[in-house]
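Show me how the following folds:
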Amino acid sequence: MNGLEALPFLREKGHVVSLVGGGGKTTLLYGMARLCAAEGQRVLVSTTTHIQRSSENYASDEVVRDALWQAGIYAVAGSPAENGKLTQPPGLSGWMAGADTVLLEADGAKHRPCKAPAAHEPVLLPESDIVLVVAGLSALGRPLAEVCFRLDAACTLLGVPPEASLTPERLAKLLASGAGGRKNVGTRAFYVILNQADDAPCRAAGERTLAILKETYNVSGFLTHFEEGERA
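You can find the predicted model right below:
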């Protein structure tokens, strides 16, 4: 089990879920899309920034989108960009029409397991009602300089130098801060997803981080893990 079954909102229709942060957002996005589609939902996957294009399920127009939905398959919408990626398609609101669940990648991290947002990040649509901030547990115990995108912003937020180790306490602060993972969330529902819970030590560190998030910041979160064949 990859942990997605614990996310209660995935079995509810009508949500527009935005993913921010780092550490496997795209893998998580497509994993959630598969789960929701298997539940019989019409699922649209897209982006407000950039996303790695899926090798299948790409909807070149709304006719293809509807055909994918009728076949019980999630649809991916976006304008082709460099390096096999997609950007936000024109008229995204129209693409979203008729979907039971919309899943959006709303942030970039250059494949780093954690990040702090720049001034222009994240890109959250008004329609989005749930924000998930994602981080990879592989970052814990390593210097910020090795694992964090937007390093200067992260060091400023945490008040530590680049060589400082990323502890569960620091990761929790980075994720829960209004200048970090919770930036621009406002009144939207907000959860932390700690990905890469691949073994017992990682799961233990993840549980410690989740406990800090709950006790110190009143933020709920979940652990997830994906096998090699499930990763984007």
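
following the helix or strand bottoming out on mean pLDDT in the chain, which helix or strand comes up?
In the chain, no helix or strand scores lower on mean pLDDT, DSSP states H and E than strand 50-52, which sits at a mean of 89. As assigned by DSSP states H and E, the chain's next helix or strand after strand 50-52 is helix 62-70.

Which SSE is immediately downstream of that following helix?
strand 75-76.

and that following strand, what does it pack onto?
On a contact count with 3 or more Cβ pairs under 8 Å, 6 or more residues apart in numbering; DSSP states H and E, strand 75-76 meets strand 43-47, helix 62-70. (C-beta placed from N, C-alpha, C; glycine too.)

Could you dump these into JSON lines with distance to Gly14 added?
Shown next, in JSON lines, are the helices and strands packed on strand 75-76 (distance: least, Cβ to Cβ, whole Å):
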{"stretch": "strand 43-47", "distance to Gly14": "12"}
{"stretch": "helix 62-70", "distance to Gly14": "15"}
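
Tell me which of the ones you listed sits nearest to Arg208.
strand 43-47 (31.8 Å; Cβ to Cβ).

now the closest one, how far from the chain's geometric center?
12 Å (Cα atoms, centre = their mean, to the nearest Å).

pull the CA atoms of that strand into CSV?
Output of strand 43-47 as CSV, limited to C-alpha atoms (Å, rounded to 0.1, in the frame of the first residue of the first chain):
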residue,chain,number,x,y,z
VAL,A,43,-10.4,13.0,-13.0
LEU,A,44,-8.5,15.9,-14.7
VAL,A,45,-4.7,16.3,-14.1
SER,A,46,-3.1,19.5,-15.1
THR,A,47,-0.8,22.3,-13.9
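
Contacts for that strand next, please.
29-30, 33, 36-37, 51, 54, 57, 65, 69, 74-78, 86-89, 92, 95-96, 99-106 (Cβ atoms under 8 Å, 6 or more residues apart in numbering).

In helices only, show me these.
Those of these mapping onto helices are 29-30, 33, 36-37, 65, 69, 92, 95-96, per DSSP state H.
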